[in-house]
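S.K.: here is the input, now give the coordinates:
(one chain, ligands or ions: 1)
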Amino acid sequence: MKGMKIAAVAFACAMICAPGASGRGVKAPMVTGDPGIYAEVIAMLEREAAGQLTRHLQKSGKLRQVRVDIRLDLSARSMTINFGPGYLPGPEGSYDELFLQPMASSLRFFAERSGLEVNDIHFLFEGKTLEDYYPEDLAVPMRSARKSAPTSALVSSSHGYISLHPGREWEFQRPAPLGLQEDVLSPVYGDELQVLMEQRSGLVVHRARSQSTELHPESNLPWEHMSSRYHLKALFPERADIWNEFPNSTKPAREKDEDIRARPNYANHLGVDVLISLHSNGHDSATIRGTEVYYHRAKAQDKPLADSIICSMRELIRAQPGYETFPVRETSNPGDHGENRIGKMPSVIVETAYHSNPDDVAALQDPVFRSAAMKGVEKGYRLWASEKACVPLAGKAIADVEVHSGKRMEVDIPLVGNPQYPIQIITTNTQCPPGWTCGKGKQVVNSPDEPTRIGVSCGAGSSGTLGWETHVLDADGVASKPVPFSVRCVPG
Ligand SMILES: [Zn+2]
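M.R.: Numbering: from 1, shown residues only. Okay, the predicted model is just below:
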């Protein structure tokens with residue numbers, strides 16, 4: 001090195017450098033927009049939907065064929081499924097949402113496989129909506145006034161044991177085709193989300209189910225595995241309006257319907273500012289997978305919250321090694337879930353992944369995925385609550401600079417996004433003149449109040465151009481793409 005000109009780029013604090021060289025068609029009306037060409041796909045979807053319904057009705061002892069007509073509106077990316085005579089779900093059975101929502105997911109999936117972009121799925125029953133048949137029960141409650149600063153949330157973790165009538169057997173609500181039981185999985189997700197919402201959003205977080213490991217006396221099963229309905233019955237024995245909405249029902253699974261309503265009823269009772277319901281999704285078809293977030297179609301004001309959550313979940317999940325291409329929908333989906341309808345506050349359902357798909361099951365059991373998914377939910381909520389857009393972390397162009405030899409200069413590293421602090425600014429060398437010493441640098445920025453900036457310097461007597469690229473890594477593992485810039489060392 002002796003006698004050689006040395007140029008260097010150094011980084012304000014955490015530099016790695018040598019001393020002195022701080023150097024680095026057919027049924028025309030069924031498709032609006034492009035009639036005809038998708039006729040075959042639609043006919044296939046109609047057969048699929050009719051087949052699903054036949055199997056569903058058979059389970060309750062009804063042997064019946066119901067006609068299904070599907071219409072597609074390509075410009076609105078929506079699909080309307082119209083059931084013919086012979087099928088009308090009602091309040092008991094929760095309007096068959098545990099059948100119709102999976103049907104919507106599968107039709108959306110098959111349509112997208114066929115090249116049709118579909119996000120919104122409407123169900124009609126002989127041409128009318130369920131609201132037309134049950135206007136009173138399906139009325140969306142008056143929204144409570146939004147407080148200037150939200151203070152509390154209800155985190156509701158899916159289902160749990162219910163008692164079946166008349167035999168009073170205790171059963172989990174959800175099937176577990178691959179052995180992963182949603183009823184006991186989602187409370188673990190709830191625990192993670194609760195801590196995040198307390199620490200990062202500063203909210204008081206209530207839970208819809210008991211977290212006690214003691215035994216529920218009636219069933220002799222752990223309290224933490226019981227449905228919310230029984231927990232609320234124990235908390236508020238006199239408030240049957242919360243947990244016993246169908247006292248006269250004759251349905252064997254009536255307590256499942258009561259449980260669906262008990263959770264948002266509890267949110268209304270508490271007067272929380274937001275209701276987040278955590279689920280894993282399930283489907284007869286193992287091919288259907290990925291992350292979805294739902295809001296109620298009659299509460300369009302909840303869509304921005306749902307969109308912010310799916311957007312932040314996508315950023316956090318895909319930032320984790322091995323999950324770079326994990327399927328997360330582009331936007332939230334409208335749905336008809338009672339859990340979202342009944343709450344007077346913004347209410348969303350997070351379907352983190354499918355417990356019926358092997359890849360999703362592996363993810364659901366991975367603490368890295370769980371943590372990233374729940375950080376995404378909290379971040380999505382927090383951005384929405386503070387009226388910030390969900391903008392994925394990215395570096396903006398960094399200006400090329402000219403530095404006099406023997407001098408040092410501060411270079412701004414402009415960013416967009418909402419990183420979790422502390423963040424690291426990581427810079428590596430891409431071009432180093434022969435014989436020079438060029439290193440790399442890492443600088444920590446502890447809060448958004450500090451400037452995102454690095455120092456570059458050129459050694460005495462140096463003259464030449466160095467290439468660098470810089471990316472940012474946040475505390476949740478979210479990284480921006482590297483942005484190149486150059487430093488020209490010029491004689492001082
Ligand atoms: Zn569920």
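
S.K.: would you mind listing what in the stretch 51-200 of the chain touches the ion?
M.R.: By Cβ under 5 Å from the ion, the residues of the stretch 51-200 of the chain that approach the ion are Ser158. Heads up, the C-betas are built off the backbone N, CA and C, glycines and all.

S.K.: helices of the stretch 51-200 of the chain, start to end?
M.R.: 97-113, 130-133, 182-199 (DSSP state H, counting those that start in this stretch).

S.K.: got JSON lines for the ones you listed, with distance to Lys59 and mean pLDDT too?
M.R.: Formatted as JSON lines, the helices of the stretch 51-200 of the chain follow (distance: least, Cβ to Cβ, whole Å; pLDDT from 0 to 100):
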{"stretch": "helix 97-113", "distance to Lys59": "9", "mean pLDDT": "91"}
{"stretch": "helix 130-133", "distance to Lys59": "20", "mean pLDDT": "96"}
{"stretch": "helix 182-199", "distance to Lys59": "19", "mean pLDDT": "98"}
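
S.K.: format these as CSV; extra columns: mean neighbour count.
M.R.: Listed next are these as CSV, based on neighbours: other Cβ atoms under 10 Å:
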stretch, mean neighbour count
helix 97-113, 20
helix 130-133, 16
helix 182-199, 21
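
S.K.: so which of those helices is nearest Asp307?
M.R.: Between Asp307 and the helices of the stretch 51-200 of the chain, the shortest gap by Cβ to Cβ is with helix 97-113, which sits at 16.8 Å.

S.K.: sorry, back to before: between the helices of the stretch 51-200 of the chain, which one is nearest to Asp257?
M.R.: Short answer: helix 97-113, nearest of those by Cβ to Cβ, at 9.8 Å.

S.K.: what lies in contact with that closest one?
M.R.: Applying Cβ atoms under 8 Å, 6 or more residues apart in numbering, the external contacts of helix 97-113 come out as 41, 44-45, 48-49, 52-53, 56, 70, 72, 79, 81, 89, 118-119, 121, 123, 260, 281-285, 287-288, 292, 294, 333, 335-338.

S.K.: could you chop this protein up by domain?
M.R.: 15-24+392-490, 38-131, 149-385 (automatic domain parsing).

S.K.: show me what residue of the stretch 151-300 of the chain gets nearest to the ion.
M.R.: His279 (3.3 Å; Cβ to the ion).

S.K.: would you agree that residue falls within a strand?
M.R.: Yes. Looking at His279 with DSSP: H, G, I helix; E, B strand; the rest coil, it is inside a strand.

S.K.: bridged to it, which residues?
M.R.: Glu351 (DSSP bridges).

S.K.: that one touches Glu351, doesn't it?
M.R.: Yes. Counting by Cβ atoms under 8 Å, His279 touches Glu351, with 5.1 Å between them.

S.K.: just to revisit the earlier point, reformat the helices of the stretch 51-200 of the chain as CSV; add distance to Ala394.
M.R.: Shown next, in CSV, are these (distance: least, Cβ to Cβ, whole Å):
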stretch, distance to Ala394
helix 97-113, 27
helix 130-133, 42
helix 182-199, 23
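
S.K.: please enumerate the strands of the stretch 251-400 of the chain.
M.R.: Here the stretch 251-400 of the chain has its strands, by DSSP state E, counting those that start in this stretch, at 274-281, 292-296, 333-335, 347-354, 394-395.

S.K.: helices or strands next to the fourth one in the packing?
M.R.: What it means is strand 347-354. strand 274-281, strand 292-296, helix 303-318, helix 338-341, helix 358-364, helix 367-385 (3 or more Cβ pairs under 8 Å, 6 or more residues apart in numbering; DSSP states H and E).

S.K.: and the second one, how far out from the chain middle?
M.R.: I take that to be strand 292-296. Here strand 292-296 is found 9 Å from its chain centre; the criterion is Cα atoms, centre = their mean, to the nearest Å.

S.K.: that one and the ion in contact?
M.R.: No. Looking at strand 292-296 against the ion by Cβ under 5 Å from the ion, there are no contacts, and the closest approach is 10.9 Å.

S.K.: can you list the weak-confidence ranges in this protein?
M.R.: 1-36 (pLDDT under 70).

S.K.: give me the most central residue, it.
M.R.: Ile310 (3.8 Å; Cα atoms, centre = their mean).

S.K.: list the contacts for that one?
M.R.: 291-293, 328-332, 380 are the contacts of Ile310 under Cβ under 8 Å, 6+ apart.

S.K.: leaving out the residues flanking it, which one is nearest to it?
M.R.: Nearest residue to Ile310, sequence neighbours excluded (Cβ to Cβ, 6 or more residues apart in numbering): Val293, at 4.3 Å.

S.K.: hmm, that neighbour is touching Ser332, no?
M.R.: Yes. Between Val293 and Ser332 there is a contact under Cβ under 8 Å: 4.4 Å.

S.K.: joint contacts of the two?
M.R.: Residues touching both Val293 and Ser332 (Cβ under 8 Å, 6+ apart): 306-307, 309-310, 348.

S.K.: whichever of these end up buried, select them in PyMOL.
M.R.: With 16 or more other Cβ atoms under 10 Å as the criterion, this PyMOL line picks the buried residues out of the shared contacts of Val293 and Ser332:
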select buried, resi 306+307+309+310+348
